[in-house]
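Undergrad: my questions concern the predicted model and sequence given below.
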Amino acid sequence: MNVTRGFTGRPRVDNPGLPPGQYDTGDDWPVLSAEVTPDLAPADWTFRVDGLVEAPRTWDWEQAHALPASAYEGDIHCVTSWSKFGVRFGGVSLDAFLEQVRPLPAATHAVAYAHTGYTTNLPLADLTGGRAWIAWEYDGRPLPPEHGGPARLLVPHLYFWKSAKWIAGIRLLDHDEPGFWEQNGYHARGNPWEEQRYSGD
Amino acid sequence: MTDTFTPPTRFAVPGRIAVSNGTAGHWQTATLTEIRRETPRAATFRFAVPAWAGHLPGQHLMLRLTAADGYTAQRHYSIASAPDDSGHIELTLDHVEGGEVSGWFHTEARPGDRVEVRGPLSGFFAWPADRAALLVGAGSGVVPLMSMVRHHRASGLSVPVRLLVSARSPEELIYAREYGAETTPVFTRAAPRGVPVGRMTAAHVAPLLDAAPPGGWEAYVCGSNAFAEHASRLLVAAGQPVDRIRIERFG
């Protein structure tokens, strides 16, 4: 252990919800995105699921909102080391979209892509079973554009760069295909509890 | 399979920079060798990192402090120094109110202290010095941009570089003594006599885009999120293509 002389850190409160190497950002919600925030009106937003599925499909804003509503209440974790507790997102479970397109047995992975062209890869198993959402509300209000509004992917059990803002679609594949940050040195999966921050962690 | 559609990419995707994934993979010891005050709130910390693999201007690192009971705190910081072969790197840190890591640096740290770093990280905001660069920063957002300006100067590069930097006042302008003809400061609260006070506007950005070199600018924006939103919108409004704007947001 490389103890830093004179460093004591903040007073520790035992917080079992805080993954290793993370701190509680409190009321702050830092914005981290590489893009110019796009001007994307709900009327112009679409979401597509294709690739290894039986029936590829595109939903517009109204069609997506006609699916059963589903909320996430819990924590989120950013690779830059902040965590945010007790957030509330509203939207639709990704399972509801996948049910309609019927993934083929060969599908093992997915690439999520944004209306800006941003991409991120995920194992399909991280997107199913009530663990991923298309979210358009935060704390009961429309999701702000800088946080990915009108709609973003939400995969709260992974580092937040996986939760692509301005989500445009998800393509199912039979192999893993690194996305934007993953090609730039970030970990392929990004599990905060295992500190999968960078390639090789 | 059916037809697939992927939206056109509308931001600056890297691809022209080879980033080694290996160097980010392990922590190494950095020994503090020098502290220089920049402004009342910001200071530069110079470290010896003998095995540092080098970096590109604009890259950042992760820094870790460890308490006696094993508690650790880690933060991302932009690298301020230009790449060189001295085995040293520099970080410039604001003293953040209540900041756990920046507080240690500003109140405890002294030469000889050891911390841990891993990096360099992320090629996205890096500038390989191959294209004309329009740098727009505010506050400590100027740190990675200064790495670019220093690299440009130290290497005697001819590719054009311009820096538009916003600070509250001349006293709070980080690296004030180092700027040359490439830099236009913008002061939001107090300015030297004869210099207007106010936030960055189209009037600051438009002349730089009008005078763009052949092939145009590669734009790098760094600062708080509010500043990054404001500045990137000014650039887009002035005609800078969105796929040639890179943004690094601090908090």
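TA: Arrived safely. Only a predicted model underlies this, so the values are computations on that prediction, with no experimental measurement involved.
Undergrad: now do the buried residues in stretch B:144-157.
TA: For stretch B:144-157, a neighbour-count test (16 or more other Cβ atoms under 10 Å in any protein chain shown) marks B:144-152 as buried. All C-beta atoms are positioned from the backbone trio N, CA, C, and that covers glycine.
Undergrad: one more: stretch A:63-77?
TA: Neighbour-count burial for stretch A:63-77 [16+ other Cβ under 10 Å]: A:64, A:67, A:70, A:72, A:75-77.
Undergrad: got it, and stretch A:170-187?
TA: Judged by neighbour count (16+ other Cβ under 10 Å), stretch A:170-187 contains these buried residues: A:170-173, A:176, A:178-187.
Undergrad: ok, residue 140 - contacts?
TA: Defaulting to chain A. Residue A:140 sits next to A:88, A:90 when contact means Cβ atoms under 8 Å, 6 or more residues apart in numbering or on different chains.
Undergrad: ah, I was thinking of chain B
TA: Counting by Cβ under 8 Å, 6+ apart, residue B:140 makes contact with B:42, B:92-94, B:174, B:250.
Undergrad: same thing with residue A:55?
TA: Neighbour list for residue A:55: A:100-102 [criterion: Cβ under 8 Å, 6+ apart].
Undergrad: reformat the contacts of residue B:140 as a markdown table; add pLDDT.
TA: What follows is those, written out as a markdown table (pLDDT from 0 to 100):
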| residue | pLDDT |
| --- | --- |
| B:42 | 98 |
| B:92 | 98 |
| B:93 | 97 |
| B:94 | 96 |
| B:174 | 98 |
| B:250 | 82 |
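Undergrad: tell me the most packed of the residues you listed, by neighbour count.
TA: When neighbours are taken as other Cβ atoms under 10 Å in any protein chain shown, the top entry among the contacts of residue B:140 is residue B:93 (26 neighbours).
Undergrad: how much space between that one and residue A:3?
TA: Distance, residue B:93 to residue A:3, using Cβ to Cβ, to the nearest Å: 21 Å.
Undergrad: cool, and residue A:166?
TA: Plainly put, residue A:166 is 43 Å away from residue A:3 if you go by Cβ to Cβ.
Undergrad: in strands, which of the contacts of residue B:140 fall?
TA: B:42, B:92-94, B:250 (DSSP state E).
Undergrad: just checking, residue A:156 touches residue A:163?
TA: Yes - counting by Cβ atoms under 8 Å, residue A:163 is a contact partner of residue A:156 at 7.3 Å.
Undergrad: what's the overlap in contacts for those two?
TA: In contact with both residue A:156 and residue A:163: residue A:76, using Cβ under 8 Å, 6+ apart.
Undergrad: got the CA coordinates for the helix or strand containing residue A:71 in PDB?
TA: Using DSSP states H and E, residue A:71 falls within strand A:70-77. Provided in PDB are the C-alpha atoms of strand A:70-77 (Å, rounded to 0.1, in the frame of the first residue of the first chain):
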ATOM      1  CA  SER A  70     -41.100   1.300 -16.300                       C
ATOM      2  CA  ALA A  71     -39.100   3.200 -13.800                       C
ATOM      3  CA  TYR A  72     -35.600   2.800 -12.300                       C
ATOM      4  CA  GLU A  73     -34.900   4.000  -8.800                       C
ATOM      5  CA  GLY A  74     -31.400   3.500  -7.500                       C
ATOM      6  CA  ASP A  75     -27.800   4.500  -8.100                       C
ATOM      7  CA  ILE A  76     -25.600   5.400 -11.000                       C
ATOM      8  CA  HIS A  77     -21.800   5.200 -11.300                       C
END
